[in-house]
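Enquirer: Have a look; sequence and predicted model below, questions after that.
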Amino acid sequence: MNIIISNSSGVPIYEQIVAQIKEQIMNGELKAGDALPSMRALAQSIRISVITTKRAYEELEKDGFIESFTGKGSFVKAQNTELVREEYLKQAEEFLQQACDRARKAGASADELHDMLDIIYGGE
């Protein structure tokens with residue numbers, strides 16, 4: 001498992017970890033049943049606090065992406081396809097919000113933005 005942390009991104013480190021592990025699960029790099037590194041091992045490998053990795057793992061467990069067992073470790077949970085779909089839709093919504101904000105700054109109308117989306121999504 002490869003996790004890359006940026007100290008200059010402005011995104012909290014635990015959120016960077018969560019996002020990267022979710023992405024690896026959603027794109028199939030990590031599969032159901034795969035063991036994640038221990039919190040301590042991950043913290044040492046990317047030179048951060050164990051508390052930060054603990055928070056990331058708790059967030060992943062809360063979101064249904066991993067499950068943890070005392071004394072055994074944390075593992076990728078079998079994914080409900082609806083959960084994965086919902087996560088992709090959530091990410092798409094965030095990107096669309098950014099696109100709307102930029103379009104407003106450029107003075108584009110909702111109709112112009114809709115036309116752009118139709119072209120991009122439809123491939124016309």
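Expert: Looks like it arrived, so ask away. Residues are numbered from 1 along each chain as shown.
Enquirer: following the longest helix seen in the chain, which helix or strand shows up next?
Expert: For the chain, the longest helix by residue count, based on DSSP state H, is helix 81-106. With elements assigned by DSSP states H and E, the helix or strand that comes after helix 81-106 is helix 110-122.
Enquirer: So which elements touch that next one?
Expert: If you count contacts as 3 or more CB pairs under 8 Å, 6 or more residues apart in numbering; DSSP states H and E, helix 110-122 packs onto helix 81-106. All C-beta spots, glycine's among them, are computed from the backbone N, C-alpha and C.
Enquirer: Please work out the angle formed by the directions of the helix it packs on and helix 110-122.
Expert: 140 degrees (axes from the mean of the first three to the mean of the last three CA atoms, to 10 degrees).
Enquirer: circling back to that earlier point, could I get the buried residue list for the longest helix of the chain?
Expert: Across helix 81-106, burial judged by 16 or more other CB atoms under 10 Å covers 84, 87.
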